[in-house]
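Q: Structure for this input, please:
(one chain, ligands or ions: 1)
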Amino acid sequence: MARYVFITGGVVSSLGKGLASAALGALLQARGYSVRLRKLDPYLNVDPGTMSPFEHGEVFVTDDGAETDLDLGHYERFTGVAARMTDSISSGRVYSNVLEKERRGDYLGKTIQVIPHVTNEIKDFINIGDDEVDFMLCEIGGTVGDIEGLPFFEAIRQFAQDKPRGECIFMHLTLLPYVTASGELKTKPTQHSVKELRSIGLQPDVLVCRSERPIPEKEREKIALFCNVRKEDVIAAPDLKSIYEAPLAYHREGLDQAVLDAFGIAPAPKPNLDVWHDVADRVFNPEGDVRIAIVGKYVQLEDAYKSIAEALTHGGMANRVKVNVEWVDAEVFEREDPAPYLEGYDAILVPGGFGERGTEGKIKAAHFARTQNIPYLGICLGMQMAVIEAARNLAGIKTAGSEEFDHEAGKSRFEPVVYHLKEWVQGSQTVRRKAGDDKGGTMRLGAYNASLTEGSRVAQIYGTTTIEERHRHRYEVDTKYRDQLEAHGLKFSGMSPDGRLPEIVEAVDHPWYIGVQFHPELKSKPFDPHPLFKDFVRAAKENSRLV
Ligand code: GLN
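A: Sure, this is the predicted structure:
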């Protein structure tokens, strides 16, 4: 049976609940425990798959093909535990399940209510895999007091009651704002937030308080007194220079000890934090830096490419350089020459994306990188753009494009070197899609194998010819053009095991020019950087020395 830590937030959103949860997961692992992290989101979307990255940040994809909240990315990056479909749930999914059961007659004519039907659905979800790990960490999205969050708060209250005493604890994250006029950290918002929590039957065991300054003893005592926790269970969460400092910082503040105390685990096993010391050393002591441009559409919100930014950081750590990422709006190149914008970068990355907007700009960026010998990594749409660029400018297919663009234009303007995939093989099954299928989950999603060409650059980088990577796309490069493109130096060096779907292309007469149909960034960890990002940053570093 797992022990449960429920993590809630109060006062304001964006306090770093996901990061605190992930760091706690890492600290429990450092003490020898196995963990799994889970996210419960109160919004009504069934999953974040159809949510705009502008609003919600990136969609994180699991091996088993779930489109989830980006917090699952933090969980994986800090614990190395691969998240599953069953680690992310939203109100939308809960209600959808309940309504499906109601239609099927599973409730035998009963009146369907939030309590118990919705709360039971949530509790059943929380319980999945209960026997697999020592600790299950469940983060509730949003803040206490949100209307949508109530069924989740009620469900975790009941859940803790259902379990034997001492198997569930509650950790609450709040903010201690600093008021310059009085020169004080204010505890009142935290008091109110805890009061709100207690009014729905939840007493926090551990309080994590975000504050830009150290918490003076007097304030700590006050929080303990008014919030009904012990003084040692008031944990300061100062602002950090790097998120990868979080495990060490939280450990210093006593978070893992407070959690183990709350469970009554004594003596607590000693932590081994070597990995995190090494990670921090690499983050804080780089021996140089590189500049990498990410040419994309969602440049206004960095969270839209969260995993890519992190994977680049990991690549930098592996090469002992700081990676300075700059976001360049692809649409600018539709009107202007990219050269003045892209000159001076050590490498260029074109990330994934959907829709036609900005694509001509990305194609120009790919062209610039290819012709100027600048290291280029194209991810998903970024690979498709590299293929279109090569088709147009090397193979002479002047109108080369993607069916995705035609789809929006409503007429065929392009020769589709990238086409809408309608059928593919997943394990032993054939998956089929129609053009008009609904947008939720109709993509090729999750982990698929690819076979790499012996002797290719990517085979060298990976050190193997069989890989498994995560996918999220509807369109595919058409193998019809393979011979033509390969004759001009763009090799299809990675293919699906059945040889039908191009997974990787690489330019042979180029220092480093690689496009991948999958999302390598989703599997990179600070303590285990993804080979492609590691080598991409190495190439950027080499390039920076040349110029
Ligand atoms: N829009 C492209 C497709 O669906 C690429 C998707 C992506 O970059 N994730 O194939």
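Q: list the contacts for the closest residue to residue 4 other than its chain neighbours?
A: Using Cβ to Cβ, 6 or more residues apart in numbering and skipping residues adjacent in sequence, the residue nearest residue 4 is residue 168, 4.3 Å away. C-betas here are computed from N, CA, C, even on glycine. By Cβ atoms under 8 Å, 6 or more residues apart in numbering, residue 168 lies in contact with 3, 4, 5, 6, 156, 159, 160.
Q: Try it again at 7 Å.
A: Contacts for residue 168 (Cβ atoms under 7 Å, 6 or more residues apart in numbering) come out as 4, 6, 159, 160.
Q: Please pull up the helix or strand immediately following the helix or strand harbouring the first one.
A: Take DSSP states H and E as the rule and residue 4 turns out to sit in strand 3-9. Moving toward the C-terminus from strand 3-9, the first helix or strand encountered (DSSP H and E) is helix 17-30.
Q: Residues touching that next one, excluding its own?
A: Here helix 17-30 makes contact (Cβ under 7 Å, 6+ apart) with 5, 7, 9, 35, 37, 71, 74-75, 78-79, 135, 137, 139, 173, 208, 237, 243, 246-247, 250-251, 255-256, 259, 271-273, 276.
Q: pLDDT of that helix, averaged?
A: Throughout helix 17-30, pLDDT has a mean value of 96.
Q: Stretch 136-143 too?
A: In this model, stretch 136-143 carries a mean pLDDT of 96.
Q: Could you tell me which residues of this structure lie near the ligand?
A: Applying Cβ under 6 Å from any ligand atom, we find that the chain lies next to the ligand at 352, 353, 354, 380, 381, 404, 472, 473, 474, 475.
Q: Three-state assignment for the first one, please.
A: Going back to what we said before, that points to residue 352. Following DSSP: H, G, I helix; E, B strand; the rest coil, we place residue 352 in the coil state.
Q: thinking it is in contact with residue 381, fair?
A: Yes: using Cβ atoms under 7 Å as the test, residue 352 is close enough to residue 381 to be in contact (4.9 Å).
Q: what's the overlap in contacts for those two?
A: With Cβ under 7 Å, 6+ apart, residue 352 and residue 381 have no common neighbours.
Q: What segments of the stretch 201-350 of the chain are helices?
A: With DSSP state H, counting those that start in this stretch, the ranges of helices along the stretch 201-350 of the chain come out as 217-227, 246-252, 255-263, 274-284, 306-319, 332-335, 339-342.
Q: CA atoms only for the second one, dumped as PDB, please.
A: Once side chains and other backbone atoms are set aside, the C-alpha atoms of helix 246-252 remain, and they are given as PDB (Å, rounded to 0.1, in the frame of the first residue of the first chain):
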ATOM      1  CA  ALA A 246      14.900  22.700  -5.900                       C
ATOM      2  CA  PRO A 247      15.600  19.300  -4.400                       C
ATOM      3  CA  LEU A 248      18.700  20.600  -2.500                       C
ATOM      4  CA  ALA A 249      16.900  23.800  -1.500                       C
ATOM      5  CA  TYR A 250      13.800  22.000  -0.200                       C
ATOM      6  CA  HIS A 251      16.000  19.500   1.600                       C
ATOM      7  CA  ARG A 252      17.900  22.300   3.300                       C
END
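Q: just checking, what packs against it?
A: In terms of contacts (3 or more Cβ pairs under 7 Å, 6 or more residues apart in numbering; DSSP states H and E), helix 246-252 is packed against helix 17-30, helix 274-284.
Q: so which of those helices is the most packed in?
A: For these, the largest average neighbour count (mean count of other Cβ atoms under 10 Å) is found in helix 17-30, namely a mean of 25.
Q: quick one: that helix to helix 274-284, angle?
A: 130 degrees (axes from the mean of the first three to the mean of the last three Cα atoms, to 10 degrees).
Q: and the angle for helix 17-30 with strand 3-9?
A: Put simply, helix 17-30 runs at 160 degrees to strand 3-9, going by the same axes, to 10 degrees.
Q: Looking at this structure, which helix is longest?
A: Secondary structure of the chain per DSSP state H: the longest helix is helix 531-546.
Q: For that helix, which outside residues touch it?
A: Outside helix 531-546, the residues that touch it by Cβ under 7 Å, 6+ apart are 290, 292, 311-312, 314-316, 318-319, 321, 323, 346-347, 374-375, 377, 461-462, 511-512, 516, 520, 524.
Q: and what of stretch 268-275?
A: Residues outside stretch 268-275 that contact it (Cβ under 7 Å, 6+ apart) are 27, 30, 31, 32, 247, 248, 251, 256, 257, 260, 527.
Q: what does stretch 58-73 give?
A: Applying Cβ under 7 Å, 6+ apart, the contact partners of stretch 58-73 are 18, 39, 41, 47-49, 57, 82-85, 87-88, 139, 303-307, 441, 445-447, 470, 472, 519, 522.
Q: returning to what we had before: listing partners with orientation, what would you give for the strand holding residue 4?
A: strand 135-140 (parallel), strand 168-175 (parallel) (DSSP bridges).
Q: Now do the same contact list for residue 308.
A: 294, 349, 351, 521.
Q: Hmm, I typed the wrong one, I wanted residue 328.
A: Contacts for residue 328 (Cβ under 7 Å, 6+ apart) come out as 293, 294, 295, 299, 341.
Q: Look up how far the ligand lies from the last one.
A: With distances taken as Cβ to the nearest ligand atom, to the nearest Å, residue 341 is found 22 Å from the ligand.
Q: what's the nearest residue to that residue if we skip its chain neighbours?
A: Closest residue in space to residue 341, ignoring its immediate chain neighbours: residue 328 at 5.9 Å, by Cβ to Cβ, 6+ apart.
Q: Could you check the pLDDT of the one you found?
A: Listed pLDDT for residue 328 reads 90.
Q: go on, residue 407?
A: pLDDT at residue 407 comes out at 57.
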